[in-house]
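Chemist: need coordinates for the below:
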Amino acid sequence: MQASGFEFRNRFWVIGGIFFVAFGCYAFDHVNVVIALLGALRRRIGASEAGFRAWAHAAFLAGTGLVALAAALRTWATAYLRVGVVQDHALRSEGLVADGPYRFVRNPLYLATIAMSVGIGMMASRTGFVVIVAAMLVFHLRLIGREEAGLAAAQGERYRAYLRAVPRLLPALRPRAPASGARPDWREGFLGETAFWIIAAGTATFAITFTALWCLLSVALAFPLQSLCIAVADRNRGAGHRS
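Modeler: As a prediction, the model looks like this:
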């Protein structure tokens, strides 16, 4: 179950396409998944209009919390792996990072993206939510399959020992690999994951105001600003190499 080279090189476009198709499902399924579930609960137990709105705010804030946790996990992972590796269109198998979150789970970046898709999916329709979660899970499992095969071929027994010790997507409660002493670059971590933090801010604004425009603006701004922040991180890293 491995992604093709085309899928891996264009993974960001594929992810964007999944979200586009999923939110496009509002064209024929006009009911938000959270509102549908809360509406069914309201009919069963009864609740006032004010109570129903409070439930909705709480549910969307929970989704925002999930997106924020995903952003934090990606920031932690990128601080160790570095932006150049995270954003590279080519498969990078020349090194093994087993520090930070990589001591608990082999694929913290993909775990975070899947969690983010659940949080953002709460703003989709009933059909759209299923499309987002199912498609993102399947696609990321394919990406993981390709990456792990490449790392196993390049790193040999060293990586296979890491595979045996550290779980793929369900994090261990305790570190499963010894620390190598690598130090995180938090500035680069935050710059590299700017898009996730902007989207988290947009979903928080939506959860509070129920105004979809703010969420759409956050998504529209996230990736251009992400590119700018990555350029800044690359420039800072280059300056550091020259000094």
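Chemist: only C-alpha atoms for contact and neighbour calcs from this point on.
Modeler: Will do.
Chemist: mind showing which ranges of this protein have poor pLDDT?
Modeler: Applying pLDDT under 70 to the chain flags the ranges 47, 82-96, 212-243.
Chemist: and the gap between the residue nearest to Val31 when sequence neighbours are not counted and Ala40?
Modeler: Leaving aside its sequence neighbours, Val31 sits nearest to Ser125 (C-alpha to C-alpha, 6 or more residues apart in numbering; 5.3 Å). Distance, Ser125 to Ala40, using C-alpha to C-alpha, to the nearest Å: 15 Å.
Chemist: neighbour-wise, which of those two wins?
Modeler: Ser125 (25 against 12; other C-alpha atoms under 10 Å).
Chemist: do I have it right that the more buried one meets Ala27?
Modeler: No. With contacts counted by C-alpha atoms under 8 Å, Ser125 stays clear of Ala27, the gap being 9.5 Å.
Chemist: which residues touch Pro101?
Modeler: 73, 76-77, 108 (C-alpha atoms under 8 Å, 6 or more residues apart in numbering).
Chemist: now intersect those residues with the helices, please.
Modeler: 73, 76-77, 108 (DSSP state H).
Chemist: just flag the most distant two among these.
Modeler: Distance extremes for these: the farthest pair is Trp76 and Pro108 at 8.9 Å, using C-alpha to C-alpha.
Chemist: mind listing the helices for this structure?
Modeler: Using DSSP H, helices in the chain cover 5-9, 11-24, 33-45, 49-81, 83-86, 108-121, 126-155, 157-165, 186-192, 194-209, 212-242.
Chemist: find the centremost residue of the protein, please.
Modeler: Centroid-nearest residue in the chain: Thr113, 1.8 Å away (criterion: C-alpha atoms, centre = their mean).
Chemist: tell me how far that one lies from Leu73.
Modeler: 9 Å.
Chemist: the helices of the chain: which one's closest to Ser180?
Modeler: helix 49-81 (11.4 Å).
Chemist: and the closest one, what other elements does it pack with?
Modeler: helix 33-45, helix 108-121, helix 186-192, helix 194-209 (3 or more C-alpha pairs under 8 Å, 6 or more residues apart in numbering; DSSP states H and E).
Chemist: got the ones you listed as a markdown table, with distance to Val130 columns?
Modeler: Formatted as a markdown table, these follow (distance: least, C-alpha to C-alpha, whole Å):
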| stretch | distance to Val130 |
| --- | --- |
| helix 33-45 | 9 |
| helix 108-121 | 8 |
| helix 186-192 | 29 |
| helix 194-209 | 19 |
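Chemist: and Leu69, which of those helices is closest to it?
Modeler: Of all those, helix 108-121 comes closest under C-alpha to C-alpha, at 7.7 Å.
Chemist: follow-up on the earlier one: using a markdown table, lay out the helices of the chain together with distance to Ser180.
Modeler: As requested, the helices of the chain are exported to a markdown table (distance: least, C-alpha to C-alpha, whole Å):
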| stretch | distance to Ser180 |
| --- | --- |
| helix 5-9 | 28 |
| helix 11-24 | 30 |
| helix 33-45 | 44 |
| helix 49-81 | 11 |
| helix 83-86 | 19 |
| helix 108-121 | 18 |
| helix 126-155 | 16 |
| helix 157-165 | 13 |
| helix 186-192 | 18 |
| helix 194-209 | 27 |
| helix 212-242 | 22 |
